[in-house]
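Student: Pasted the sequence and its predicted model underneath.
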Protein chains: 2
Amino acid sequence: MDTPGHKATLKSIAQAAGVHPSTVSRALMGMPGSRIPAATVERIRAAAAELNYEPDPWAKSLRTRRGMMVGLAIPRLTDVVLGQMFEAAQWRARDFGYQTMTVSAEKEGAESTSIKSLMDRRTDGLILATATLHDPFLQVIEASGLPFVLLNRSSGDYPAVCGDDLVGGYLATTHLLDLGHVRIGHISGPTSVSTGKLRAQGYRKALREAGIEPTRDLVAPGEFDADSAIEAAETLLGLPHRPTAIFAINDISALAAMAVARRHRLRVPEDVAIVGYNDSEMSPLLPIPLTSVRVPLLDMGKLAVELLMKRLAGEKVDSVLMEPQVVARESSGAAG
Amino acid sequence: MDTPGHKATLKSIAQAAGVHPSTVSRALMGMPGSRIPAATVERIRAAAAELNYEPDPWAKSLRTRRGMMVGLAIPRLTDVVLGQMFEAAQWRARDFGYQTMTVSAEKEGAESTSIKSLMDRRTDGLILATATLHDPFLQVIEASGLPFVLLNRSSGDYPAVCGDDLVGGYLATTHLLDLGHVRIGHISGPTSVSTGKLRAQGYRKALREAGIEPTRDLVAPGEFDADSAIEAAETLLGLPHRPTAIFAINDISALAAMAVARRHRLRVPEDVAIVGYNDSEMSPLLPIPLTSVRVPLLDMGKLAVELLMKRLAGEKVDSVLMEPQVVARESSGAAG
DNA sequence: ATCATGTGCACAATCGTTTTCGCTAATCTA
DNA sequence: TAGATTAGCGAAAACGATTGTGCACATGAT
């Protein structure tokens, strides 16, 4: 084994193999150009293995100016949905030999210290799931020259991998319309992020196509989280002429809506039908299984990494939209 | 502003301020020992600010052998509960000036490449939420000299921050006993991890104290996830003499049990009472609100970082056990 | 005026890599 | 066989920071 206190370095291997450190470097990284006789390479390899050498990432990065590392920025680590995308992204990045560094950067906006910490040269590229529609910070990053790809949320013309939220909102609403609902409420997300804005837009489009003029009072704003969704659901279900169906911006909001319905002694789906978004793991398991819009989260995470890799290689890349799909279950009254 | 292409370095600042790079370094980091006249320091500060200097982390780490970075290993990024702990850990680490790097390392066991990648000198310390009870890999890490703290799962005598799972399992079971249940089933976790083993142990202890001899057939093994929990619940509820209550190892398993109960046309809590663990965000929102055992996840995440910081400072640290608490809701028939 | 005492800073050596540049010796061409 | 080519590898200069050492110069005391 190796001496406990001393990590192996190029120099120690060189000494062991009786060659110069630079030769060791060349031999180990197997450069195509430089020809080192197989015998020497083998001897060096053996010595390196013997000392179980691991190149020092700091020294390497200092010299090469590449850290083999991509930064992932997520609004909240506790978001199961984004968690899935990020886990997939992490795997894919590792396929390319990259490490990932995840930061959560909620509510930090343009002054995000979290993202700044990713920027200070430690990372070769960024995947951001935190973008807002008019995000001045993106320009800052763009100006810094650090390549990035948006995930889940789009913004401007920056390359992004997103679900087609317009279609998703449209499908969810159409699903409810097809079931005979006319007064359909929407617990929206913030209009400042693409997912919130586009799903609401899809919702209104579906209504209009069905000859129903969308009204403002049937859209209650949420913030993607349980607390704000509860408030929104209270507003909708407290309406004098309450909706018979609710399309919620995500599954946790849908769950909150179910809780509020229960408090109002309304049955789901008989009195109020509910549709969520993202089709999270819990949806089929709920006492009243939740109808939800499914988007290929894992594929999105992987794809974002692939796009980033292309950007790192200097290629131009285009944004990608993934097709959503309604998974009908009991909460909308469609299955059972 | 600064020239776009060129990042500021100590050298460029030195040039601007008319001093030597080493002086700039000393001035900027404000060493207490070295006396540099205030005037010079001010001049250097100004130059640094002007060029908006950021020290290169790689160069710094190469020289100082400290990366100001802690590695977090989590079984799955999609676990909401661990996600909360890790988010808290991340914040706390930043308070100390440390970056965090999160990897998910499921099912990799002793050969975990994810954790190995954290070890190769990039990190100053590790927080592991992946430990199994007899985890040979921990010895490897210990031998490498890299300080670490276990989180959520304990193992051997290594310093750990965990909930008191024995008490948690005991409380959950006692809660059901107090409600008059006698045949209480348990969807367990793997016995190879402390949380699984200890909660089951607490479960048996409570039964024995109530004069009930725990039987093997009332404990069905799960893997913390929905699929295995569904299978376990099927086993329990398919029993000729089925249990009237189930204590599940976590909330998603409890949810799965509810789904299976529903499939068997059993009412919750009338026909079967259910208790979960971790009191996740969704628990109070479920159509049948879930009774669950609450542990202070955020505090645990923070504490783990604090312990690690102490270890980094060379102090000896002791493990910490956090007190759990039953939050009674409708699924156990205790509230409503 | 001279020598001890410090202060303020420059010099240079690291940390472990990668990479450019040449030097030596072997091989090839004529 | 002499001269041109080339393969193989050593020397050394980066990358950008930290840090031990020591040279000037100013100040003080004698």
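Tutor: Received it, and whenever you're ready, just let me know what you need.
Student: contacts and neighbour counts: CA atoms only from here.
Tutor: Noted.
Student: got the residues of chain A near DNA strand C?
Tutor: Counting by Cα under 7 Å from any atom of the strand, chain A comes close to DNA strand C at A:7-11, A:21-23, A:25-26, A:29, A:53-56, A:59-60, A:62-64.
Student: The same query, at a cut-off of 6 Å, please.
Tutor: Neighbours of DNA strand C within chain A, by Cα under 6 Å from any atom of the strand: A:9-10, A:21-22, A:25-26, A:54-56, A:59-60, A:62-64.
Student: could you measure the closest residue in space to A:Ala328 that isn't next to it in sequence against DNA strand D, distance?
Tutor: In this structure, A:Ala328 finds its nearest non-sequential neighbour in A:Thr291, 4.7 Å apart by Cα to Cα, 6 or more residues apart in numbering or on different chains. Distance of A:Thr291 to DNA strand D, given as Cα to the nearest atom of the strand, to the nearest Å: 54 Å.
Student: got it, and A:Val219?
Tutor: From A:Val219 to DNA strand D the distance is 51 Å (Cα to the nearest atom of the strand).
Student: Near that residue, how many other residues are there?
Tutor: 24 (other Cα atoms under 10 Å in any protein chain shown).
Student: give me the number of residues near A:Ile115?
Tutor: 25.
Student: which residues touch it?
Tutor: Counting by Cα atoms under 8 Å, 6 or more residues apart in numbering or on different chains, A:Ile115 makes contact with A:73, A:103, A:105.
Student: If we ignore the residues flanking it in sequence, what's nearest A:Asn152?
Tutor: A:Cys162 (4.3 Å).
Student: Can I take it that that neighbour is in a helix?
Tutor: No - if the criterion is DSSP: H, G, I helix; E, B strand; the rest coil, then A:Cys162 is strand and not within a helix.
Student: May I have the beta-bridge partners of it?
Tutor: A:Leu321 (DSSP bridges).
Student: Would you agree it is in contact with A:Arg153?
Tutor: Yes - contact criterion Cα atoms under 8 Å: A:Cys162 and A:Arg153 qualify, at 6.1 Å.
Student: how far is stretch A:60-73 from where the chain is centred?
Tutor: 21 Å (Cα atoms, centre = their mean, to the nearest Å).
Student: now that stretch: mean pLDDT?
Tutor: Mean pLDDT, stretch A:60-73: 91.
Student: List the contacts of A:Ala89.
Tutor: By Cα under 8 Å, 6+ apart, the neighbours of A:Ala89 are A:298, A:301-305.
Student: got the buried residues for the host helix or strand of it?
Tutor: A:Ala89 belongs to helix A:80-95 when elements are defined using DSSP states H and E. Using 16 or more other Cα atoms under 10 Å in any protein chain shown as the test for burial, helix A:80-95 gives A:80-94.
Student: Looking only at neighbour counts, state which of A:Cys162 and A:Arg153 leads.
Tutor: More neighbours surround A:Cys162 than the other of A:Cys162 and A:Arg153, with 26 against 20 (other Cα under 10 Å).
Student: how about the helices in the stretch 201-336 of chain A?
Tutor: A:226-237, A:251-263, A:297-312 (DSSP state H, counting those that start in this stretch).
Student: Just the buried positions in the last one, please.
Tutor: So the one you mean is helix A:297-312. A:297-309, A:311.
Student: returning to that earlier point: next, format the residues of chain A next to DNA strand C as CSV and append secondary structure and distance to chain B.
Tutor: CSV is the format used below for the residues of chain A next to DNA strand C (DSSP: H, G, I helix; E, B strand; the rest coil; distance: Cα to the nearest Cα, whole Å):
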residue, secondary structure, distance to chain B
A:Thr9, coil, 13
A:Leu10, helix, 15
A:Pro21, helix, 18
A:Ser22, helix, 19
A:Ser25, helix, 18
A:Arg26, helix, 21
A:Glu54, coil, 7
A:Pro55, coil, 8
A:Asp56, coil, 7
A:Ala59, helix, 6
A:Lys60, helix, 9
A:Leu62, helix, 6
A:Arg63, helix, 9
A:Thr64, helix, 11
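Student: Go back to the residues you listed and keep what's next to DNA strand D.
Tutor: A:22, A:62-63.
Student: Just the buried ones out of the residues you listed, please.
Tutor: If we count by 16+ other Cα under 10 Å, these have these buried: A:Leu62.
Student: Can I get the ones next to DNA strand D among the residues of chain A next to DNA strand C in TSV including distance to A:Glu223?
Tutor: Below are those laid out as TSV (distance: Cα to Cα, whole Å):
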residue	distance to A:Glu223
A:Ser22	56
A:Leu62	42
A:Arg63	45
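Student: So A:Pro221 sits against A:Ser192, correct?
Tutor: No - taking Cα under 8 Å as the definition, A:Pro221 is not a contact partner of A:Ser192, at 11.2 Å.
Student: what helices or strands is the next helix or strand after the helix holding A:Ala89 leaning on?
Tutor: Counting by DSSP H and E, the next helix or strand C-terminal to helix A:80-95 is strand A:99-104. Contact partners of strand A:99-104 among helices and strands, from 3 or more Cα pairs under 8 Å, 6 or more residues apart in numbering or on different chains; DSSP states H and E: strand A:69-74, helix A:80-95, helix A:113-119, strand B:99-104.
Student: For chain A, which residues are neighbours of DNA strand D?
Tutor: A:19-20, A:22-23, A:35-37, A:40, A:62-63.
Student: Just among the residues of chain A next to DNA strand C, which is most surrounded?
Tutor: A:Leu10 (20 neighbours).
Student: Now do that one, the pLDDT please.
Tutor: 95.
Student: Run through the residues that contact it.
Tutor: Counted by Cα under 8 Å, 6+ apart, A:Leu10 has contacts A:21-22, A:24-25, A:55.
Student: Can I get stretch A:265-280 in CSV? Just the C-alpha atoms.
Tutor: C-alpha atoms of stretch A:265-280 as CSV (Å, rounded to 0.1, in the frame of the first residue of the first chain):
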residue,chain,number,x,y,z
ARG,A,265,-67.1,19.6,3.1
LEU,A,266,-66.9,19.3,-0.7
ARG,A,267,-66.4,15.8,-2.2
VAL,A,268,-63.6,15.2,-4.7
PRO,A,269,-64.4,14.7,-7.5
GLU,A,270,-68.1,14.8,-7.2
ASP,A,271,-68.4,18.4,-6.0
VAL,A,272,-65.1,19.6,-7.2
ALA,A,273,-62.7,17.9,-9.7
ILE,A,274,-59.0,18.5,-9.3
VAL,A,275,-56.1,18.2,-11.7
GLY,A,276,-52.4,18.7,-10.8
TYR,A,277,-49.2,19.0,-12.7
ASN,A,278,-45.9,17.0,-12.8
ASP,A,279,-47.4,13.6,-11.9
SER,A,280,-45.2,13.1,-8.8
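Student: Can you mark which positions in it are buried?
Tutor: A:268-269, A:272-280.
Student: In contact with the closest residue to DNA strand C within the stretch 51-200 of chain A, which residues?
Tutor: Nearest residue of the stretch 51-200 of chain A to DNA strand C: A:Pro55, at 3.6 Å (Cα to the nearest atom of the strand). When contacts are counted by Cα under 8 Å, 6+ apart, A:Pro55 touches A:9-10.
Student: Need the buried ones from the residues of chain A next to DNA strand D selected in PyMOL.
Tutor: Selection of buried members from these for PyMOL, criterion 16+ other Cα under 10 Å:
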select buried, chain A and resi 23+40+62
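Student: re earlier: which single one of the buried residues of stretch A:265-280 is nearest to A:Gly125?
Tutor: Nearest to A:Gly125 out of the buried residues of stretch A:265-280 is A:Asn278 (Cα to Cα; 26.8 Å).
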